[in-house]
Structure formats: C-alpha cells, structure tokens
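*Asks:* Return a 3D structure for these sequence lines:
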Amino acid sequence: MARYYLENYLQGEDENHALSGRIDALHREYVRSPPSREDLSALSRVFSVDFAALFLAHRLLTDECNRALNQSFASYLQFEAGVNPGIVSSYVVLFVPGWDYARNGHVTGADFAKPRELVSRFGLENHLVELPPTGSVERNATVLASEIARRSRSGKKIILASASSAGPAVQLVLGEMLSERDQDSVKAWLNLGGILQGSPLVDYLEARPWLFSPIVWLKGWEKEAIRSMSTSRSRSRFARLDMGSGILVVNYLGIPLSGQLSRFSRDNYPILSSDGPNDGLTLLADAIAPNSLTIVAVGS
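*Replies:* Down below sits the predicted model:
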C-alpha cells in the first residue's frame, strides 16, 4: 500500500482502481491537517507505519503555505543564497542545543556547529545557549528565558533554533516565562525535530525500572531530567501552553521510512512504531508545533 501510494497514486497514476479508491476514501475521512497522533496510529494499524508516514507528508504538503515554504527551501539548498543586509544588522540567532550536546554534539549535530558556521558566514550574529547538557525541560527553560532577556536588551530581534530535547524548553519559555517586552523581541522559532509532546521511549524505560535505573546510572543522567520528557508530563505541558500568534514557527520534520533508519534511530524505531510513524525518539505528529509551517524531509 505504501509503495503504491508513493510510486503511483501520488504521481497521478491510477494503475489499481481498488487501491486508489481506498486512498481517495482515506483523504476524505482524514481531513485534519496535519493528521493527529490518533489518526496516524489508526492508519499504521490498518495499513503500515510507512503508509502513515507518507500520508502525513502528503497532508502537510497539501497546505499551500507549507508547499511554498518547501519549494523555497529546496531552492536555497540548490543555489547559493545571500542574506539581506538589513536582516544581518537587525537579528541575532540563538541556537538552543539538543540532549548531551557537550559530549556527543559533534556526532549527533546537537551542538549546532555546522549551522553556526553557516550563519556566521552570512554575517549574522549568533550564540549557542549554554543549557545544562542533560538538564530537565524546566531547568533548560529557566536558562533559556534568562538568555533571551539578556539578548533582548541589545535591541536586536531574536530568532531561536532548537534541536530535539530543547524543543519543549523553547515552547515552555515562549508560552509562559517571558515578560511582554522579551516576548516581543522573539520573532521566529525553528523547531528541528523537537520532542514537544514527549518521547514514548521514556515511557518504555520507565515501565521497566530494571532497565531504566542502570541506563541512567551508566550515562550519569538524572532521573528527573529524563522523566520531564515523558509523554504524560509533556502532553500536559503542551496542552496548557499558548505562544500567541506573533512568532513565526517553522518545523523541520524528518520523516524516515522503515528502510531509511540511521544508526541513531534503528534500535528505538521498532519500540515506537506500534504507536505510528516516528523518528526513533518521538512520534512525528508530536514534533509539530501549534500554528506553524513545516519543512517536510522525507527520508531524513
């Protein structure tokens, strides 16, 4: 079903009327954009996780604004791009790093080394927010809120770029931790694979104390920091937060198929796949911020 959807249906080739009819019916039934976590879980059970992942990608790209954004992004990747001098002088980029970035960031990219190099080449002022490398969502949010308050005094507009575990901390800060002046200084947030509604992997480990405790001890992590990223706590936090409409939010959403898993995700992907399409750390639907645009990276 997934193969037919990708190679035939989405190319406008109706080679199997029965399958095309079933997909047409699904498009009529699942009209929410993007599909919810529950929608994707149901599609995964009936068809496959890969079909649900492709369905999500297609639904995101049916949105006119998302489609235009993805076309622009593809163009920027292909051709050398410059930055308007007015932007260079008016903005500062704060990179909010991912989990354990100090020790493993050079491997995972969580330290933003390459993006910072690119932004510096464009002439944009930028800084790495020095979060506790394995801090809880709440602890990271406190550090980030202080950094935004400090940087806002320069008068420059702020762009935030966060990775993975930093995503929920950014949302918490923007949702309820800034003064009105500091909130106004933040103009955009780039959410790169943020685990905004938590990781079912944390739930899986918490349900197995005989596994959870030794892993946390061996890694030198704090249990409370890991638990702050559980789905129960994260979804409750996500539901109460309202960032308002004054900030442009863009998600970069990697959508891997089951045959495209990297060494970072292949062990965890099967654990999460019973709940639907995922990236080995979070469910894809849970990595999309409210009122946002999305860059769709199928295969990443």
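*Asks:* you'd agree I159 is up against V93?
*Replies:* Yes. With contact defined as CB atoms under 8 Å, I159 counts as touching V93 (4.7 Å). C-beta: built from backbone N, CA, C; applies to glycine.
*Asks:* Is V296 in a helix, a strand, or coil?
*Replies:* strand (DSSP: H, G, I helix; E, B strand; the rest coil).
*Asks:* list the contacts for the residue positioned nearest the centre of the chain?
*Replies:* With distances taken as CA atoms, centre = their mean, G193 lies nearest the centre of the chain, 2.3 Å away. G193 makes contact with 163-164, 167, 252-254, 279, 281-282, 287, according to CB atoms under 8 Å, 6 or more residues apart in numbering.
*Asks:* What of E13?
*Replies:* E7.
*Asks:* what about it, which helix or strand?
*Replies:* Using DSSP states H and E, E13 is not contained in any helix or strand.
*Asks:* Q197 now?
*Replies:* Going by DSSP H and E, Q197 is not part of any helix or strand.
*Asks:* List the contacts of it.
*Replies:* 37, 231, 234-235, 238, 282-283, 286-287.
*Asks:* How about residues contacting the worst-scoring helix or strand of the chain on mean pLDDT?
*Replies:* Sorting the helices and strands of the chain by mean pLDDT, DSSP states H and E puts helix 85-90 at the bottom, at a mean of 87. Outside helix 85-90, the residues that touch it by CB under 8 Å, 6+ apart are 122-124, 156-157.
*Asks:* Run through the residues that contact the residue nearest to Y4 when sequence neighbours are not counted.
*Replies:* Take Y4 and drop its neighbours on the chain: the residue closest to it by CB to CB, 6 or more residues apart in numbering is L19, 5.2 Å away. Neighbouring residues of L19 by CB under 8 Å, 6+ apart: 1, 4, 9.
*Asks:* most neighbours, which of those?
*Replies:* The most crowded member of the contacts of L19, judged by other CB atoms under 10 Å, is Y9 (21 neighbours).
*Asks:* Against G155, how distant is it?
*Replies:* 52 Å (CB to CB, to the nearest Å).
*Asks:* same question, S44
*Replies:* 48 Å.
*Asks:* who has more neighbours, those two?
*Replies:* The residue with more neighbours, out of S44 and G155, is S44; 21 against 9, by other CB under 10 Å.
*Asks:* The more buried one in helix, strand or coil?
*Replies:* Quick answer, by three-state DSSP: S44 is helix.
*Asks:* quick one: contacts for it?
*Replies:* So S44 contacts 51-52, 273, 275-277 (CB under 8 Å, 6+ apart).
*Asks:* Now compare those and name the two farthest from each other.
*Replies:* By the measure CB to CB, F51 and D275 form the most distant pair in the contacts of S44, at 14.8 Å.
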